[in-house]
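Student: Could you look at this predicted model? Sequence included:
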Amino acid sequence: MAKANDAERYAVATQMQLTWWRFRRHKLAMVSLFIVALFYLLAVGADFLAVSDPHEGDARTSYIAPQPIHLFDDGSFRPYIYGLKGVRDVKTFKLIYTVDTSRKVYLEFFGHGYRYSFFGIDTDRHLMTLRDPRVTDGIHLLGTDLLGRDLWSRLMVASRVSLTIGLVGVSISLVLGVLLGGISAIRGGWVDNVIQRGIEVVRSLPTIPLWLGLAAALPNDWSVTQIYFAITIIISLLAWTDLARVVRGKFLSLREEEFVMAAELAGASQTRIIFHHMLPSFASHIIAAVSLALPAMIISETSLSFLGLGLRPPAISWGILLQDAQNIQTLALAPWLLLSAVPVILVILAFNFLGDGLRDAADPYG
Amino acid sequence: MIAFVIRRLVMGVFTIWLISVVSFVIIQLPPGDFVDSYIAQLAASGSVISANEAASMRELYGLGQPMYVQYGKWLSRVVTGDFGESMMWRRPVTEVIGDRLWLTLVLSFAALLLTWALALPIGIYSAVRQYSWGDYAFTLLGFIGIAVPNFLLALIIMYFSFRLFGANVGGLFSPAMQMQPWGLAKTWDLMKHLPLPATILALAGTAQLIRIMRANLLDELRKPYVVTARARGLPERRVILKYPVRAALNPFASNIAYLFPYLVSGSIIISIVLGLPTVGPLLVQALVAQDMFLAGTIVLLLGVMTVIGTFISDLVLMWVDPRIRHQMD
């Protein structure tokens, strides 16, 4: 009986349901979905999770090593970190902060920190703050950079920038890809030929030099937001070709399907056939292609910013954080700066697995 | 077959034209014209240029005339090998670029060869021994190769080699060899330094190619002709290498057209991290300093080299794979 029910459920399920059922069986892809969702949550709550203002730093606290949080103090749950102690360097007379294990600084959850705006709500609540506001030691979970800015807080805010640049870029590529791929398949003939040759040309260009050239030409006096959108557009200009190919291929193969012919015979208009019959049946393929295009976008932005030709400080992105870790002298002095690479690798890996799972699931009848 | 070659050739010429337009746009993009920035540059270093000289320079570059005239003038000079002068270095662009372009190509080509040399046997192994430990290990390695952008990989390797061996792994030559003229010793020195950057550069492409090769070969291995060959008592090695591998090679080979531009792109970034004397660091310096003739020329030359490389690989592919020779639309 249960079997029959299953078969029945299967028969009346929508395309999206079928895809989802199949996708759920792919363990690695499910885990990746979770990781990706987690990162986007982090991005939304970046300011809340940050412990100190990511733009503000104190040069005296530069290159402080990561401070681990000790959760229990005397057997009870009272998270603390060790405080910092200023020592005057005998040679340079500079005040240098080092960890002082004799002093415990207690932490508090949902306390007050720097002010920020959360979807229009002005607030100063943060996940973690120091219990005693008079203490000036910062919390540096992942250490600080040259200018004494907290790496953890910067990483949180950077995730927001880098992850959304991928989303915005992919949206632009998607519009271009669906439009050009669709036109190419539906019109056929010389239009198809021109678009296909165009795609081949774009794909045979070495992208990074071109991106670099275009990105470097952006005016210096543009605001962070303007640069952000310009970079997004530059990246997506060369990235739409894969999507266009997927869309075209799907359109061409679906045109031969019986349900399309049935709709044609029933007198449906071409627009109705495309948007009502064809598009829904390959939407899942598009989603899969998008989730494979996203990591490429994120890598592009990170690379450009890493070279100093993408986003520019005071903007914060993964590439900009990694820029600090560019030379071996810095890395030898502050190896934790390389930690900014961890989220990049995690997200890209997760997106790749997710895309793979989606692609497998996109053919629920296969 | 000739039609195919001609079509490729036309496409290549068109692509080069497109690249030349983009390069020209890059040269033109900074605000103000070239002579303005040249004068500003000179003024910054204390020297001046007379109004007459400025006017004759404007005339030479066709500034003030419509864009297409400027483009035409620029192109006609480029064709004769005159790429203009680098503002940053005060020397002709070709002189500044020097060996760097060839080293870029050598590096990219080495990475291409390495990609093939690694992906082919590993792909075959992974397909034939599907779900073995080796297969899983290579799959994992492959995913790392895809997920870690190559500049990050370069950074990480540099850090660990510094930590573990105290050695700087950057560069393409030993310090003593850097200034030497080209000769056997210098070439050998280059060969010794090439493997590491080439491996870093090749990893991402190799990872993708292994997956493609594995999937294709798996599809082939399930076909009835393989069973037939086996049933007739062919040795296993021959069963696999003689037919399915050759059939699975096609998409493998047709990917090269996109692999080469990808490698050239990647070489720019890892050259900067590893401090390699390719055009990469020069391009970024030029762009940051708005030395547009140098930057535009590098973009142009890289693009042209890529197109030529792709064209040659297409010809090789055609020569290797009879199906492409015969089924050209």
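Tutor: Ah, there it is.

Student: anything in the helix or strand harbouring A:Asn352 near chain B?
Tutor: Element membership for A:Asn352 (DSSP states H and E) is helix A:341-361. Yes. Using C-beta under 8 Å from any C-beta of the partner chain as the criterion, contacts between helix A:341-361 and chain B involve A:341, A:344-345, A:348-349, A:352-353. All C-beta spots, glycine's among them, are computed from the backbone N, C-alpha and C.

Student: how about that helix as CSV, C-alpha atoms only?
Tutor: As requested, the backbone C-alpha atoms of helix A:341-361 are provided in CSV (Å, rounded to 0.1, in the frame of the first residue of the first chain):
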residue,chain,number,x,y,z
ALA,A,341,41.3,32.2,2.7
VAL,A,342,39.3,29.6,4.7
PRO,A,343,35.8,31.1,4.0
VAL,A,344,36.7,31.6,0.3
ILE,A,345,37.7,27.9,-0.1
LEU,A,346,34.7,26.7,2.0
VAL,A,347,32.1,28.7,0.1
ILE,A,348,33.5,27.8,-3.3
LEU,A,349,33.7,24.1,-2.5
ALA,A,350,30.2,24.1,-1.1
PHE,A,351,28.8,25.9,-4.2
ASN,A,352,30.6,23.4,-6.4
PHE,A,353,29.1,20.4,-4.6
LEU,A,354,25.7,22.1,-4.4
GLY,A,355,25.8,22.8,-8.2
ASP,A,356,26.8,19.2,-8.8
GLY,A,357,23.9,17.9,-6.7
LEU,A,358,21.5,20.2,-8.4
ARG,A,359,22.6,19.2,-11.8
ASP,A,360,22.2,15.5,-11.0
ALA,A,361,18.8,16.3,-9.5
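
Student: Pull the contacting residues for A:Ala43.
Tutor: Contacts here follow C-beta atoms under 8 Å, 6 or more residues apart in numbering or on different chains; on that basis A:Ala43 touches A:159-160, A:163-164.

Student: what's the closest non-adjacent residue to it?
Tutor: For A:Ala43, the nearest residue in space outside its immediate sequence neighbours is A:Arg160; the separation is 4.1 Å by C-beta to C-beta, 6 or more residues apart in numbering or on different chains.

Student: Weed out the non-buried ones from the residues of helix A:341-361 next to chain B.
Tutor: Neighbour counting by 16 or more other C-beta atoms under 10 Å in any protein chain shown classes A:341, A:344-345, A:348-349, A:352-353 among the residues of helix A:341-361 next to chain B as buried.

Student: now, which of the residues you listed sits nearest A:Arg197?
Tutor: For those, the residue nearest A:Arg197 by C-beta to C-beta is A:Asn352; the value is 29.6 Å.

Student: From B:Ala207, how far off is that closest one?
Tutor: 10 Å (C-beta to C-beta, to the nearest Å).

Student: Could you provide the buried ones among the residues of helix A:341-361 next to chain B in TSV, with additional columns for distance to A:Asp100 and pLDDT?
Tutor: Below are those laid out as TSV (distance: C-beta to C-beta, whole Å; pLDDT from 0 to 100):
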residue	distance to A:Asp100	pLDDT
A:Ala341	30	87
A:Val344	33	89
A:Ile345	34	89
A:Ile348	39	89
A:Leu349	38	88
A:Asn352	44	85
A:Phe353	43	86
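
Student: and of those, the nearest to A:Gly213?
Tutor: Lowest distance from A:Gly213 to those (C-beta to C-beta) belongs to A:Val344, with 24.1 Å.

Student: tell me which parts of the stretch 101-250 of chain A are close to chain B?
Tutor: So the stretch 101-250 of chain A meets chain B at A:197, A:200-201, A:203-210, A:212-214, A:216-217, A:219 (C-beta under 8 Å from any C-beta).

Student: What parts of the stretch 1-150 of chain B come near chain A?
Tutor: B:11, B:14-15, B:18-19, B:22-23, B:26, B:29-31, B:143-144, B:146-149.

Student: Which among those count as buried?
Tutor: Buried among the residues of the stretch 1-150 of chain B next to chain A (16+ other C-beta under 10 Å): B:11, B:15, B:18-19, B:22-23, B:26, B:29-30, B:143, B:146-149.

Student: Tell me which of these fall in helices.
Tutor: Those of these mapping onto helices are B:11, B:15, B:18-19, B:22-23, B:26, B:143, B:146-147, per DSSP state H.

Student: Pass me the low-pLDDT residue ranges in chain B, would you?
Tutor: Under the criterion pLDDT under 70, the flagged ranges of chain B are B:30-34, B:37, B:41, B:44-46, B:61-64, B:166-170, B:176-179, B:250-256, B:321, B:323-329.

Student: Kind regards, and thank you for your time.
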